[in-house]
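Colleague: sharing a model that was predicted from the sequence below.
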Amino acid sequence: MSLPFLLEIGSEEIPDWMIPGALDQLQALFVRLGIPHTGIRTDATPRRLVLRAEGLPPRQADTEERVLGPARSAPAQAVAGFARKQGVQPQDLLVETTAKGEYYAFVRKVEGRRTRDILAEALPGIILGINWPKTMYWTGKGGPRFIRPIRWIVALLGDEIVPFELAGVRSGALTAGHRRLGANEIAVTCADYEQRLRDHFVILSARGRRDKIQGELAGVRVKPDHALLDTLVYLTEYPAPITGSFDPEFLSLPEEVLITVMRHHQKYFSVEDAAGRLAPQFVAVMNIDADREGFVRRGNERVLRARFNDARFFWDTDQKTPLAARVASLAHVTFQAKLGTYLEKTERVMALAAELGGDADAVRAAQLAKCDLTTELVKEFTELQGVVGGLYARAQGEPEAVWQAIYDHYRPESMEDAIPRHRAGRIVSLADKLDTLRGCFGVGLIPTGSRDPFALRRAAQGVVRILVEGRIEAPLRELLGGEGRLEEFVLDRVRYYFKDIRGFAYDEVNAVLASGWNNLVDVEARLLRVKRLRPTPDFEPLAASFKRIKNILTQAGFGGGGEVDEALLEAGPELDLYREFRGMTGQPIENAIARLRPKVDLFFDKVLVNAPDPRIRQNRLTLLHTLLAEFSTVADFSEIVTNFIGDRNA
């Protein structure tokens, strides 16, 4: 016999962006209990976190507990005392042989606990064990803390309630429907739970809510916005899209401004016309079943009209002061207390842009890039920083390369975001991010755990992507200023990019980076070479040989130096290897690997590296070191994980 389990934590509305992570934690905490089950799933709405599991046993299996007692040679009194403690007679004890000798032992049968009791004991800790970015208490200072006040708890194992109390709320079998459309108390069972919620206007499944939104948008040319869709899925329990409109005269404002107002401030989808241009319409998603009288639609239109009027006023007001006239005002805007003002940052970024090879357009863009921070439009709509600067620069007659560089200089803002479209923008973005990284690490503002207030991880990842995808061959390690912690931080981002984003094997990444990572364009090229070489028949045996060479040199404490003395080389495999190496020096490894591999194999089969004669031994170590150094310009092949039998002799 197996039982279903249902846990629902009902609360006030949870912030949408926190819900997916909370569900992952809830599932992990439940699995950690170790209760056998055949399936598990989690769901959520803004007002509830839900975990359902199948196949739980009514009670846990019986187990045996083995208790080791005194040695067999112990006095009878000690043996009797041990037996008495176990509740048995001395003759009921077993004798076990261990590595340390023979000992008395007792095997106690432990009856499995009821699953219901285990859950009742563990569930309060599981619920409060969810780690939130912020928590609150609502029953008084020192009481339980959660993201929002807990209002009800459903906990059912089969047909039975799992009894416990948390923050004054007792678990039961009563849930709540939609805040406005459903009943406040609804009796549920494990079998009818989801349908009973649906009867009271709660679509439990995030996929179900997403499908409802997308299905009801069919036929409307909504501008695709997956992130906004995800947000709306976790803001609603019974979503219903409605279409509204706005005065076409607002289309005189840049699309970026209108879309930002709709998306970030109102959570509206933008609508496109047949030509792909912004249409004077929007789609809002309600959390009610219908708007038959149009009250909600008209209310949304009224709010949007006011927001657009604000944006137009700010746009017109800002245009009265050109960006170039705002540079001096950056002296009154603090970048960071220990790093000075945005004017000081601007001067550093301009110098760094020139150092990176930026032309006059890049330096001009660097000078104006932060000026929009002083504008009213950015103060009201902070999401538009950079974009507003670019739009203002275009309206004020700056060259195309300049305004586009300003527009793009915060990119990429995520792994999905594109890098700046042209070289000037890439240079400015790179200079801005490098300055932030160098400055913050220089004053000890280093990310720890999940805390990264200056988004340094994103900045470092942006540096990596711009250098590689923008084909900028800049000396990265020199640009990091020799700060060891910063180098390690950026190196971690380099590894992540090439391994997790580009899909190179971890040992290929390790091998190539071990041979240098100052030029990331070169790193990419070497990775592609190693990736192409890897399937060839000679690659793994040669990689195993290089691992063996490195081990020999390490054990000998040989760090190189000097030249190979051909006169000391023994005729046969040793001399053949040297001459083959001399003949392929400077050639790409791709051209030499097939010829070199058999020479290396024969050398190790026939030649004793640790020869009795110290001059010969030194010469052979020099030969191996020279060979290793030549190929290590591409990668440290000893880092490659191989299945080749030769590894056993390394």
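Modeller: Right, received. Where do you want to start?

Colleague: from now on I want contacts and neighbour counts done on CA atoms only, so please keep to that.
Modeller: Noted.

Colleague: tell me where the model's unsure across the stretch 451-600 of the chain.
Modeller: 586 (pLDDT under 70).

Colleague: go again using 80 as the cut-off
Modeller: Low-confidence segments of the stretch 451-600 of the chain (pLDDT under 80): 482, 542, 560-561, 584-594.

Colleague: the strands in it, which residues?
Modeller: For the stretch 451-600 of the chain, applying DSSP state E, counting those that start in this stretch gives no strands.

Colleague: helix/strand/coil for Val609?
Modeller: coil (DSSP: H, G, I helix; E, B strand; the rest coil).

Colleague: please apply the same query to Arg151.
Modeller: Under three-state DSSP, Arg151 comes out as strand.

Colleague: before we move on, what about Pro280?
Modeller: strand.

Colleague: tell me the contacts of it?
Modeller: Taking CA atoms under 8 Å, 6 or more residues apart in numbering, we find Pro280 in contact with 245-248, 251, 271.

Colleague: so what's Phe5 bridging to?
Modeller: Ala53, Leu157 (DSSP bridges).

Colleague: can the contacts of Pro280 go into TSV with extra columns for pLDDT?
Modeller: Shown next, in TSV, are these (pLDDT from 0 to 100):
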residue	pLDDT
Ser245	96
Phe246	97
Asp247	96
Pro248	96
Leu251	95
Val271	96
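
Colleague: for the residues you listed, which two are the farthest from each other?
Modeller: Asp247 and Val271 (13.7 Å; CA to CA).

Colleague: neighbour count: those two, which is higher?
Modeller: Val271 (22 against 11; other CA atoms under 10 Å).

Colleague: quick check: mean pLDDT of the lengthiest helix in the chain?
Modeller: Scanning the chain for the helix with the most residues, using DSSP state H, yields helix 295-318. Mean pLDDT, helix 295-318: 95.

Colleague: same question, stretch 66-73
Modeller: pLDDT averaged over stretch 66-73 gives 90.

Colleague: for it, buried residues please.
Modeller: For stretch 66-73, the neighbour count (16 or more other CA atoms under 10 Å) marks 68-72 as buried.

Colleague: could you do stretch 203-211 as well?
Modeller: Neighbour-count burial for stretch 203-211 [16+ other CA under 10 Å]: 203-206, 209-210.

Colleague: now flag whichever of these is closest to Glu13.
Modeller: Looking across the buried residues of stretch 203-211 and measuring by CA to CA, the closest to Glu13 is Leu204, at 14.4 Å.

Colleague: now do Gln396 against Leu278, distance only.
Modeller: Separation of Gln396 from Leu278 (CA to CA, to the nearest Å) stands at 23 Å.

Colleague: pick out whichever of those two has more residues nearby.
Modeller: A count of neighbours by other CA under 10 Å puts Leu278 above the other of Gln396 and Leu278, at 21 against 15.

Colleague: contact partners for the more buried one?
Modeller: 251, 255, 270-272.

Colleague: run a quick neighbour tally on the closest residue to Lys433 other than its chain neighbours.
Modeller: Closest residue in space to Lys433, ignoring its immediate chain neighbours: Ala459 at 5.4 Å, by CA to CA, 6 or more residues apart in numbering. With neighbours defined by other CA under 10 Å, the count for Ala459 comes to 26.

Colleague: Ala459 against Leu437, yeah?
Modeller: Yes - between Ala459 and Leu437 there is a contact under CA atoms under 8 Å: 7.3 Å.

Colleague: now do Lys109, the pLDDT please.
Modeller: On the pLDDT scale, Lys109 gets 84.

Colleague: before we move on, what about Asp359?
Modeller: With respect to pLDDT, Asp359 scores 96.

Colleague: ok, now Ile645?
Modeller: On the pLDDT scale, Ile645 gets 46.

Colleague: so what does the longest helix of the chain touch, helix or strand wise?
Modeller: Here helix 295-318 touches strand 240-245, helix 376-380, going by 3 or more CA pairs under 8 Å, 6 or more residues apart in numbering; DSSP states H and E.

Colleague: which one of the ones you listed is the most hemmed in?
Modeller: strand 240-245 (a mean of 19; mean count of other CA atoms under 10 Å).

Colleague: go through the helix or strand following that one and flag the buried ones.
Modeller: Later in the chain than strand 240-245, the nearest helix or strand by DSSP states H and E is helix 255-260. Across helix 255-260, burial judged by 16+ other CA under 10 Å covers 257-260.

Colleague: could you do stretch 351-365 as well?
Modeller: Under 16+ other CA under 10 Å, the buried positions of stretch 351-365 are 351-354, 356, 358, 361-365.

Colleague: equivalent analysis for stretch 437-445, please.
Modeller: In stretch 437-445, counting by 16+ other CA under 10 Å, buried: 437-442, 445.

Colleague: stretch 543-563 too?
Modeller: Residues 543-550, 552-553 are the ones in stretch 543-563 that count as buried (16+ other CA under 10 Å).

Colleague: what do you get for stretch 295-311?
Modeller: 296-297, 300-301, 304-305, 307-308, 311.

Colleague: cool, and stretch 315-323?
Modeller: 315, 318, 323.

Colleague: out of those, who's nearest Thr97?
Modeller: Among the buried residues of stretch 315-323, and counting by CA to CA, the member closest to Thr97 is Leu323, at 86.3 Å.

Colleague: ok, and the closest non-adjacent residue to the closest one?
Modeller: Cys371 (5.9 Å).

Colleague: so for the one you found, what's the pLDDT?
Modeller: 97.

Colleague: quick one: it and Gly389 touch, right?
Modeller: Yes - using CA under 8 Å, Cys371 makes contact with Gly389 at a distance of 6.8 Å.

Colleague: what residues are shared contacts of these two?
Modeller: In contact with both Cys371 and Gly389: Leu323, using CA under 8 Å, 6+ apart.
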